[in-house]
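> give me coordinates for this.
(chains A and B)
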Amino acid sequence: MGQVQPPVLPCVLVVEDDPILMMALVEFVENAGGEAVEVTSIPEAIQILETRTDIRTVFTDLDMRGSTAGMELALLIRDRWPPIELLMISSHPWDEAQIPARGIVLGKPFDRRRIEAALRRFTS
Amino acid sequence: MASYAILDTPAEAGFDGIVQLACRLCRVPVALVSLVAGDRQWFKARQGFPPCQTDLNSSVCAYAVDHPGQLLIIPDLAADPRTSANPLVTGEPFIRFYAGAPLVSPEGHVLGSLCVIDHAPRPDGLTPQQQDDLRALAHQVVSQLELRRAIVFRDAVRADEGRAYRARDALRDTQAALTGANTDLSVALRAVVLGAMQAIPAAEGGTVEVLVGDHLEYQAVAGTLAAHAGLRMPLAGSCAGYCAQTSKPYRMTDAATDPYVKRDLIAHLQLSSAIFAPILHDGAVLGVLKLQSARPDVFSSDDLTLLNLFAGATTASLAAAETRSVLRAKDDYWRGLFNRLSEGFTIGEVIRDAEGRIADWRYVEVNPAWGALVGVDAATVAGRTIREVFPGIEDAWVTDFASVVETGQASSFTRQIGVLRRWYEGRAFPLGGDRFGVIVLEVTDRIEAEARRNALLQLGDGLRDVTSVGAMTRVAAEIVGRTLNATRAGFGRIIGDAEHVDVEPDWTAPGQVSIAGRHRLARYGNIGAGLALGEALVIDDVTTDPRTGADPHPLLAIGVAALVNMPVRERDRAVAVLIVHDVRPRVWTVEELEFLRNVADRLEAGVARVRAEELQAVLNHELAHRLKNTLAIVQSIATQTLRGVTERDLVDVFERRVLALSRAHDVLMQKSWSAAKLRAVMESVLSMQVDLGRFALDGADMDINPQAALSLSLLLHELATNALKYGALSAEAGTVRMAWRTEADGMPTLVLDWTESGGPAVTPPRGRGGFGSRLIRMGLLGTRSAALDYQPSGLRAEFRAPLADVQVQVH
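Below is the predicted model:
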């Protein structure tokens, strides 16, 4: 084939049902040196996780339709794919005790520095 | 002679027998017992001799008397020179012979003679035997006389004794009557008149002449004076007047000669003799006690003395009655006070055990008010102990009074008799020895009203502090239970159409079971009907109330003898009931029901507030979520819009300003956007930039209003951003001191001091600067009171704003 493969970037599964916020999340991932895999729903996210093995990090919004959906996904991931890192953003106050192990929750509006720093740490 | 009291008395067999015997023994037709008295001789006994007496001229016996101890025998009276001319010899009855034996008393006095007489001369006189007989008979006569005298004496003594006894009796009766008469003067005077008349039988009429002005008036009249009540006598010119003026007893022996008697009265009153004695009162003559007779000189001086005794008794009795009436008036006064007091008054006496400790006390006396105050018949408690009268009474009712007795110190108290459910306020004081007095008033209404008022205050505080309906009802139940001295209080939610009630965890008095859980109302009687309509259910006694009386056992089984179910409404519908139970029947007072209605109203308001707050919290939460989400979208739109802009820094600055704004909202949301803590706003915004350890925050925390919070967060964000970029925070060791204080001079002001140090040397920025610089210069809340001092050591900035604009307005 002889083609030079571009270097493989770490894949970050971005879960967000709001298209405008999705744009911002994808930008955070890219700025942090990752490649965003975009999904807009939980089932879709699970499907991807079941089919792909290159997802190292899941970046999800906890405020999605069905108020607790985001957190359920996070718990499911920690349960089924323990190695995957979890970065969550939320506009609701959160209970630290409910956060899955190694998971990070950051609030809205976005604190770009912290989000990108967390992504960088997970993807490096 | 007089002592024999024999002269002129009728014939007596004893003496007659002697003269008959003398005639027979001396064989003569005449024999006499002749007694000599004064100028006559009187025959106590005679035989054969008609006249009863003769004068002494005619007396032959007189000769016999001259020869005491000897017989005088004159054989022929006509021949004897002493008697030959005697008319009894010379004329009728022609006596010729005389023999007489003298009658000699034991004292040696010759009283007369026993003589025998014949109408013929007896030359031989009497035989010696006859002489002896005559002497012996003379002795018999004397003996007879002596006997007589003894009897007379005895009778006289008896009469005296009888009179004295009668007088004493009468005096005693009179004194009793006087005492009985008390203050009734007319009764007293009548008693003394009757008594005196009884004691002095010679009196035919009696009266007390009472001094009225310058007159004496007949007031108590008896006997012959009975018809003369009201008769008036001048003080001057009457015997009574004389007695009154001299204040001495007086005896008038004969009206005909008396110097003081009022002449015209003599006939009118049939007055011959009288005695008078003064009756005194208060040292002055009140009147004169008088006894009188139609005969002269019937009253002896003894009688006067006796009369004076009666008058004196009257005087004494009047004085005593006066004293008694003064004492009684005093006593009546105090007793009246005691009885009319509206305060309860008790005199008690402590009871000690063998070791001398006081374990109880006895009621000595209580007044009627006391009885009314405690609901006990005041007449039944004297002699009983307080623990007997009130079984189960609090120990303090004994120990407190015991200490009054022990220490001699009075003590005030406000205390309940639990078994009566009544409160008393009073004072106990020592009365000496083991006795003490207590004055009490019942203050149940006041204490209970205070308790209810306090309970409502407490409820207000309690309800304000709790944030859930459950906590609220628990607070209310306990307060209600304790305040009304009930045995259970709780809160039940009405289920459906008042068929069931779900009772929440309830408050119970010690020993009472909880009834938390679901109850079917119909099980307890017909008690659900009114509740659905929002009516209070009030039952004083479940055994007699028509709604529960048919079968009170389900209620009694859970310790309910009296109950109140007060509806609690939510949006005008009874949704719950405030439940109060008592294990004993009780009358729920209007005040108590009012209190419960009040509690229910407050619960309604409290529940409504909690519900509103819960709703508000949900709304706030949702709003915060939407706001933050929207700010994130704004950030995203801006970033995407500025995608082509090469100065990414500016995009970052923008994002961070939005973030700073959002941090202020986070703090505000904790208090529902009504206020924020100054320090929390600072920490939240500053921690966005660098570790909080780089900042020294110095000032008293305070609540600030939302505008101030937003303004402060943006201001601090810009200051921190600059410090990070150019100032102290750009160096590793640089720090910022953030100090604030309030100044009260003139208008109270909040002053913020931002002092950087440890950074690189600074130079003032040139030009207008960007948004950030302008925002800093506009200061806190746009007051433009911002003093920026670019010292080489670091920026110093001071911001001032009126405290009133920063603080939360309290409405």
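> thought residue B:74 was touching residue B:96?
No. Contact criterion Cβ atoms under 8 Å: residue B:74 and residue B:96 do not qualify, at 9.1 Å. C-betas here are computed from N, CA, C, even on glycine.
> looking at the two, which one has more neighbours?
Taking neighbours as other Cβ atoms under 10 Å in any protein chain shown, residue B:74 and residue B:96 compare with residue B:74 leading, 25 against 19.
> what sits against that one?
Residue B:74 is in contact with B:60, B:63, B:80, B:82, B:83, B:97, B:98, B:99, counting by Cβ atoms under 8 Å, 6 or more residues apart in numbering or on different chains.
> got these as CSV, with neighbour count columns?
Output for those, formatted as CSV (neighbours: other Cβ atoms under 10 Å in any protein chain shown):
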residue, neighbour count
B:60, 26
B:63, 16
B:80, 17
B:82, 13
B:83, 20
B:97, 24
B:98, 30
B:99, 27
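> how many residues are close by residue 84?
Picked chain A for this. Residue A:84, neighbours per other Cβ under 10 Å, totals 19.
> sorry, I should have been clearer: chain B.
Residue B:84 has 13 nearby residues by other Cβ under 10 Å.
> just checking, it is part of a helix?
No. Under the criterion used here (DSSP: H, G, I helix; E, B strand; the rest coil), residue B:84 is coil, not part of a helix.
> and it, backbone torsions?
phi -60, psi -30 (degrees, to the nearest 10).
> that one contacts residue B:78, correct?
Yes. Judged on Cβ under 8 Å, residue B:84 makes contact with residue B:78 at a distance of 5.4 Å.
> between these two, what contacts are shared?
residue B:90.
> does residue B:510 count as helix, strand or coil?
Under three-state DSSP, residue B:510 comes out as coil.
> and the pLDDT for it?
According to the prediction, residue B:510 has pLDDT 91.
> repeat that for residue A:29.
In this model, residue A:29 carries a pLDDT of 94.
> can I assume it sits in a strand?
No. Applying three-state DSSP, one finds residue A:29 to be helix, outside a strand.
> please name the nearest non-neighbouring residue to residue A:28.
residue A:115 (4.9 Å; Cβ to Cβ, 6 or more residues apart in numbering or on different chains).
> what residues does chain A put near chain B?
Counting by Cβ under 8 Å from any Cβ of the partner chain, the residues of chain A close to chain B are A:18, A:20-21, A:23-24, A:27, A:63, A:89, A:91-92, A:107-112.
> pull out the buried members of these.
A:18, A:21, A:23-24, A:27, A:63, A:89, A:91-92, A:107-112 (16 or more other Cβ atoms under 10 Å in any protein chain shown).
> which of these fall in strands?
Secondary-structure check on those using DSSP state E: residues within strands are A:89, A:107.
> what's the farthest-apart pair in the buried ones among the residues of chain A next to chain B?
A:27 and A:92 (23.0 Å; Cβ to Cβ).
> now the stretch 251-400 of chain B against chain A: closest residue?
The stretch 251-400 of chain B approaches chain A most closely through residue B:394 (53.2 Å), counting by Cβ to the nearest Cβ.
> give me phi/psi at residue B:429?
Per degrees, to the nearest 10, the backbone of residue B:429 is at phi -140, psi 150.
> shouldn't residue B:486 be in contact with residue B:509?
Yes. Using Cβ under 8 Å, residue B:486 is in contact with residue B:509, at 7.2 Å.
> more neighbours: these two, which one.
Using other Cβ under 10 Å, the more surrounded residue of residue B:486 and residue B:509 is residue B:486, with 25 against 16.
> do you know the pLDDT at the more buried one?
92.
> what residues does it make contact with?
Residue B:486 touches B:480, B:509, B:580, B:581, B:582, counting by Cβ under 8 Å, 6+ apart.
> nearest to chain A among those?
So of the contacts of residue B:486, ranked by how close each gets to chain A (Cβ to the nearest Cβ), first place is residue B:480, at 37.3 Å.
> contacting residues for residue 78?
In the absence of a named chain, this looks at chain A. Residue A:78 neighbours (Cβ under 8 Å, 6+ apart): A:84, A:86, A:100, A:101, A:103.
> switch to chain B, that's the one I care about
B:84, B:89, B:90, B:96, B:121.
> what's next to stretch B:340-350, contact-wise?
B:338, B:358, B:360-367, B:369-374, B:386, B:401-402, B:405, B:424, B:426, B:431, B:433-442.
> which strand residues bridge residue B:211?
residue B:216 (DSSP bridges).
> for burial, what's the neighbour tally of residue 36?
Going with chain A. By the criterion of other Cβ under 10 Å, residue A:36 has 21 neighbours.
> wrong chain, I was asking about chain B
20.
> okay, and the beta partners of it?
Here residue B:36, judged by DSSP bridges, has bridge partners residue B:41.
> that one and chain A, how far apart?
158 Å (Cβ to the nearest Cβ, to the nearest Å).
> I'd guessed that residue sits against residue B:109; true?
No. Residue B:36 is beyond contact range of residue B:109, at 10.1 Å (criterion: Cβ under 8 Å).
> just for chain A, where's the confidence low?
Regions of chain A meeting the criterion pLDDT under 70 cover residues A:1-7, A:65-68.
> do a quick rundown of the strands in it.
Going by DSSP E, chain A shows strands at A:11-15, A:35-39, A:55-61, A:85-90, A:104-107.
> can you tell which of those is closest to residue B:730?
Nearest of these (Cβ to Cβ): strand A:104-107, 25.1 Å.
> just to revisit the earlier point, would you reformat the contacts of residue A:78 as a markdown table and include distance to residue B:252?
Listed next are the contacts of residue A:78 as a markdown table, based on distance: Cβ to Cβ, whole Å:
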| residue | distance to residue B:252 |
| --- | --- |
| A:84 | 152 |
| A:86 | 146 |
| A:100 | 142 |
| A:101 | 143 |
| A:103 | 143 |
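> now for these, which pair is the farthest apart?
Top of the distance list for these (Cβ to Cβ): A:84 and A:101, 11.4 Å.
> thinking again about what came up before, just the ones of the contacts of stretch B:340-350 in strands?
B:358, B:360-366, B:424, B:426, B:431, B:435-442.
> how many neighbours does residue B:446 have?
13.
> angle of the helix or strand hosting residue B:307 against strand B:358-366?
Element membership for residue B:307, per DSSP states H and E: helix B:301-340. Relative orientation of helix B:301-340 versus strand B:358-366 (axes from the mean of the first three to the mean of the last three Cα atoms, to 10 degrees): 120 degrees.
> from residue B:638, how far off is the residue nearest to the spatial centre of chain A?
Chain A has residue A:59 as the residue nearest its centroid, 1.0 Å off, counting by Cα atoms, centre = their mean. Per Cβ to Cβ, to the nearest Å, residue A:59 is found 20 Å from residue B:638.
> swap in residue B:196?
From residue B:196 to residue B:638 the distance is 138 Å (Cβ to Cβ).
> give me the below-cutoff pLDDT ranges for the stretch 501-650 of chain B.
For the stretch 501-650 of chain B, counting by pLDDT under 70, not a single residue falls below.
> just the stretch 51-200 of chain B next, same as before
Those would be B:51-53, B:55-58, B:64-65, B:67-68, B:182-183, if you go by pLDDT under 70 across the stretch 51-200 of chain B.
> distance from the chain centre to stretch B:135-151, please.
82 Å (Cα atoms, centre = their mean, to the nearest Å).
> and it, what's buried?
B:135, B:137, B:138, B:140, B:141, B:142, B:144, B:145, B:148, B:149.
> may I have that stretch as CSV, with CA atoms only?
Only the C-alpha atoms of stretch B:135-151 are listed here, as CSV (Å, rounded to 0.1, in the frame of the first residue of the first chain):
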residue,chain,number,x,y,z
ARG,B,135,-90.6,22.6,192.4
ALA,B,136,-90.3,19.8,190.0
LEU,B,137,-93.1,21.0,187.9
ALA,B,138,-91.6,24.5,187.8
HIS,B,139,-88.5,22.9,186.4
GLN,B,140,-90.7,21.2,183.9
VAL,B,141,-92.1,24.6,182.8
VAL,B,142,-88.6,26.0,182.4
SER,B,143,-87.6,22.9,180.4
GLN,B,144,-90.7,23.4,178.3
LEU,B,145,-89.7,27.1,177.8
GLU,B,146,-86.2,26.2,176.9
LEU,B,147,-87.4,23.6,174.4
ARG,B,148,-89.6,26.2,172.9
ARG,B,149,-86.8,28.7,172.7
ALA,B,150,-84.6,26.2,171.0
ILE,B,151,-87.2,25.5,168.4
